[in-house]
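Student: Structure for the following, please:
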Amino acid sequence: MHTGLDCSIPHIGVLMEKFGTSEYPRHALPPGYSFVRYRPSFGAQWAALHYEVGQFDSLEEAEATFERDFAGRPALADRMLFVMDEGNRLAGTGCLWDGAHFGVTRQRLHHISVSPLHQGKGIAKAIVSKLLDIYNELGVENYIYLTSQTWSWRALHLYMGFGFRPYMGEKPENWRAVNLTSGKFEPWDFAEKNIEAWRMIYGKISGYSSGMSCLDARVTRPRSVLVFTQPMDL
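Tutor: A predicted model of the protein is given here:
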């Protein structure tokens, strides 16, 4: 399995946000690829792809997530993108979906993944660009966000190129922490852990080290075994 995740650093969930949603670079799919609307058979392919890139611990978990969060939803046909290659194989996917992390419904980029066989061709950029096109066609509020984690700093670097910036505000209402040792939700200091996470991310991203100056450098508490995530896909 080729995940593209960097497990050398602690796993801490983060958010990114974007204002000025009409301003972003436009990217088209490379030759030989096309966007295809949802078909019933795509659910299994979606699960297999996301398991392949390490987004889920098992194929069964990925399949259950698709059934729970997406299958049968009216928005599926218009808000989830499927990128197919010339052999009609799934190369990548992503969606624009309702998110409730802030206690109200806001639009978020969600589950953007590209098969390892098709990475490095600009497909992820084309997916993000197309999702932002869809967002702007909706005519909704001038704000969009996404959730991710430190292990995906390469993807976070890509999102920065579209104008997404680290969310450094107060803890979102529906954002929680899971203790890896106990498996239970526990209280935690969001601001402090968030700074720690972005310090590691900026340290990994070449050319973005200057961005560290915007972070509070006073974090002294030792790293814990907390993973910041949400109790469910919101």
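Student: low-scoring pLDDT stretches of the chain, where are they?
Tutor: 1-3, 177-188, 206-234 (pLDDT under 70).
Student: so where do the helices sit in it?
Tutor: 42-52, 59-69, 76-79, 123-138, 153-160, 190-204 (DSSP state H).
Student: could you dump these to a markdown table with distance to residue 115?
Tutor: For glycine as for every other residue, the C-beta is placed from the backbone atoms N, C-alpha and C. Shown next, in a markdown table, are the helices of the chain (distance: least, CB to CB, whole Å):
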| stretch | distance to residue 115 |
| --- | --- |
| helix 42-52 | 6 |
| helix 59-69 | 14 |
| helix 76-79 | 20 |
| helix 123-138 | 9 |
| helix 153-160 | 14 |
| helix 190-204 | 23 |
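Student: Distance to residue 106 and mean neighbour count added to the ones you listed, as JSON lines?
Tutor: Compiled in JSON lines, those are given as follows (distance: least, CB to CB, whole Å; neighbours: other CB atoms under 10 Å):
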{"stretch": "helix 42-52", "distance to residue 106": "23", "mean neighbour count": "19"}
{"stretch": "helix 59-69", "distance to residue 106": "16", "mean neighbour count": "15"}
{"stretch": "helix 76-79", "distance to residue 106": "14", "mean neighbour count": "16"}
{"stretch": "helix 123-138", "distance to residue 106": "11", "mean neighbour count": "19"}
{"stretch": "helix 153-160", "distance to residue 106": "16", "mean neighbour count": "19"}
{"stretch": "helix 190-204", "distance to residue 106": "18", "mean neighbour count": "19"}
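Student: And those: which comes nearest residue 102?
Tutor: Closest to residue 102 of the helices of the chain is helix 190-204 (CB to CB; 12.9 Å).
Student: just how off-centre is that closest one within its chain?
Tutor: 17 Å (CA atoms, centre = their mean, to the nearest Å).
Student: Helix 153-160 and that one, what's the angle between them?
Tutor: Counting by axes from the mean of the first three to the mean of the last three CA atoms, to 10 degrees, helix 190-204 lies at 90 degrees to helix 153-160.
Student: since we're on the residue lying closest to residue 190 once chain neighbours are set aside, how many residues are nearby?
Tutor: Nearest residue to residue 190, sequence neighbours excluded (CB to CB, 6 or more residues apart in numbering): residue 171, at 3.5 Å. For residue 171, the tally of surrounding residues (other CB atoms under 10 Å) stands at 16.
Student: right, and residue 171 touches residue 191 too?
Tutor: Yes - shown here, residue 171 and residue 191 form a contact pair, counting by CB atoms under 8 Å, at 7.5 Å.
Student: residue ranges for the strands of this structure, please.
Tutor: Assigned by DSSP state E, the strands in the chain fall at 13-18, 34-36, 80-84, 90-99, 106-114, 144-149, 165-166, 176-179, 226-229.
Student: To residue 159, which of these lies closest?
Tutor: It's strand 13-18; of the strands of the chain, that one is closest to residue 159 (CB to CB) at 5.6 Å.
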